[in-house]
Structures are given as structure tokens and as C-alpha cells.
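1. coordinates only, sequence not included:
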């Protein structure tokens, strides 16, 4: 495959990420698209995020400044499952009805809630089975959402392989709400659900947070041994107050994490000029290379990255796919860096 592949040439639209020449059989890193956006509470479109990322990826160059010959990392992006996308569309239509009822203070149809929650359970089980099968085949897995509810099944599969691990969450939101808008598996509840159901998650460190509700902060205060939050005001203090450099802050963040680390990257953790069509954009956020630097430092710290997800990339513009593809490439190469561990 490599003998026939020219990393300096144009990308062939072969259905694989960046036009890389690898098949799932030979790949060490498998990108699993999860086209799901049933519970989004603001802008829609993230179910088509994986397709947008794939299409935009063909114009990326392959040099990674941290890892020479990064393109030799065997990466394969699985095709989008049309049945999951169809279930997402069906479930989203029901969720919209319920959200409209809430916002207009109409009577609540419990059947709508039950159906959305049931379909979300189907999605969680699908992600779990897909992830487990890939992990048992010796693959490293990167999930590509979709809304941010999608990693729950993958985290469950990882918990069967690792006795304990930590999560680095890059996100504008805490995602610690309980059953937000009556949806048990809401995109705003992913880490509440993960911490409540997966005891193997030793630590959750949240970075770039700038939107939260009181319920989330109270939950975090009740679990200081498992949750650590770094807000954007804290991060920007490095720039404006100069009491601590960003490098020092990154080292402090990394020090909260155990040896094995899962990265959950919600694209809205970045400044919204980089992801204007994400589901719930929030002013402020990390700059592109601030996020890169933090990811680099995790690798340099000697910790092992065991998996990741990239979620909430919008579908409305190529720009979102462009930025998402670049973040995805960095995450996939970082994951590939630990293949032999």
C-alpha cells in the first residue's frame, strides 16, 4: 500500500480519511463515525459532521510537525452506518416535538420522552458493540460524532479493558446535567452518565469551560476527588495577569490526570470562529494551537492515550469540516503513537 501511495500528491477520494491508503484490516487506528444528534438543544447538523470532516479531509497535507512520517500511521475511517443516521433523524424529530412542548409550556407527552430515551439506548448499545469488537481485534478507536452523548458506549467498552483511566474533556460545557430536558442520554449529560455508571473513570478534567449551570457546579463540588474544572477565565488569566504561563497551566492540567488518558474533544471547546456551525457555540474558547499544545504535552508527559472522541462538528460549512479534520488527524496520530504500548 505504502509503495503505491504518494504523500506529496493530491488526495484520492477513496472513502478513507485524507485519502490514506489503509483498509480496516490493516489499520491500527479506526475512526468510527457516529452520525447522531437526537438530543441537541440548539442548532442541528452535527449528525452530518463525520461526512463533512471526511469530505474536507481530502485537501489536508500530511505533515505533522510533532511526528515525522505521521501519515504512515495506519488510519482507517469506517463508513457512516445509514441505519444509525436514519434512527437519529427519526429520533430527532420526536425530540424536537418534546423540546417545543417544554419551551411553549404545553402538556408533556411522556411517550415522546420514552421513545427518545429508548432509541438513545439502542445507539449506546450499538456504539458499545462496535467499539468492543474493534478493541478486541487489537484496534485503537477514535469516535467521530455526532452530538456529545455518543461516547458513553465506547467508554463502557474501554472500562472492560482498563481497570482505571482518566478523561481530558475539552469543551465549552460541563455536560454534567442529569437527564437534561427529560432526555436521560442528553448531549448535556454525557459525563454525568459516564461518572455515575463507569467506576473505572478515575478522573475527569475539564478544560475551556465557559457555560455551566448551578446543578453542574454543585455536582462537581460533591465529587472533588474525580472532577477538576479549568475555565476559560482561568486560562486567559495566564495571558492577561501573567501570574502563570500557559505552559505552566498545561502542566498543572496534565498533573491531574492518571497514567491512562481518554480525550473527549467537543469542537465547541475552541473559539467559535473556528467552529461557527457547532451545535451550541459559546464566545471565547481555545485557539487552535492552544488546543494542539495541550494535546502535545499529554503525549510528552509519558501518559498513554487509550482512545478519543471528537464531537459536535457542524455540517453547514466546509470550514467546520476543515478545522474538524485537522483536529481529528492530530488526535488519530497521537493515538497511533501509543500503538505498541
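-> Yes, it's here. Because the structure is predicted, anything quoted here is derived from the model rather than measured. Numbering: from 1, shown residues only.
2. If you drop the residues flanking it in sequence, what lies closest to residue 230?
-> residue 207 (4.8 Å; C-beta to C-beta, 6 or more residues apart in numbering). From N, CA and C alone the C-beta is placed, and that goes for glycine too.
3. And the one helix or strand that neighbour maps to, how far out from the chain middle?
-> Assessed by DSSP states H and E, residue 207 sits inside strand 201-209. Chain-centre distance of strand 201-209: 13 Å, with C-alpha atoms, centre = their mean, to the nearest Å.
4. name the helices or strands packed onto it?
-> Where contact means 3 or more C-beta pairs under 8 Å, 6 or more residues apart in numbering; DSSP states H and E, strand 201-209 is packed against strand 165-170, helix 190-197, strand 227-231, helix 232-240.
5. Out of those, which is the most enclosed?
-> With neighbours taken as mean count of other C-beta atoms under 10 Å, these reach their highest mean count in strand 165-170, at a mean of 25.
6. before we move on, the earlier item: so which of the helices and strands packed on strand 201-209 comes closest to residue 114?
-> Residue 114 lies closest to helix 190-197 among these, at 17.3 Å (C-beta to C-beta).
7. and the angle from that closest one to strand 165-170?
-> Orientation of helix 190-197 against strand 165-170 (axes from the mean of the first three to the mean of the last three C-alpha atoms, to 10 degrees) gives an angle of 170 degrees.
8. Any buried residues in stretch 133-149, and which?
-> In terms of neighbour count (16 or more other C-beta atoms under 10 Å), stretch 133-149 has its buried residues at 134-135, 139-149.
9. out of those, which are inside strands?
-> Secondary structure from DSSP state E places 140, 141, 142, 143, 144, 145 of those in strands.
10. tell me, how many neighbours does residue 52 end up with?
-> Residue 52 is flanked by 24 other residues according to other C-beta atoms under 10 Å.
11. so what's it up against?
-> Residues in contact with residue 52 (C-beta atoms under 8 Å, 6 or more residues apart in numbering) are 313, 314, 315, 318, 320, 321, 324.
12. what residues are up against residue 194?
-> With C-beta under 8 Å, 6+ apart, residue 194 has these contacts: 151, 152, 155, 167, 201, 204.
13. hmm, I was thinking of residue 243
-> Applying C-beta under 8 Å, 6+ apart, the residues near residue 243 are residue 237.
14. Any idea how far stretch 316-324 is from the middle of the chain?
-> 15 Å.
15. Pull out the buried residues from that stretch.
-> Of the residues in stretch 316-324, those buried (16+ other C-beta under 10 Å) are 316, 319, 320, 321, 322, 323, 324.
16. thinking residue 297 is in contact with residue 250, fair?
-> Yes: the pair residue 297 / residue 250 is scored as a contact, 4.9 Å apart, by C-beta atoms under 8 Å.
17. which one of these two has more residues nearby?
-> The neighbour comparison of residue 297 against residue 250 (other C-beta under 10 Å) goes to residue 250, with 22 against 15.
18. For the more buried one, grab phi and psi.
-> phi -60, psi -40 (degrees, to the nearest 10).
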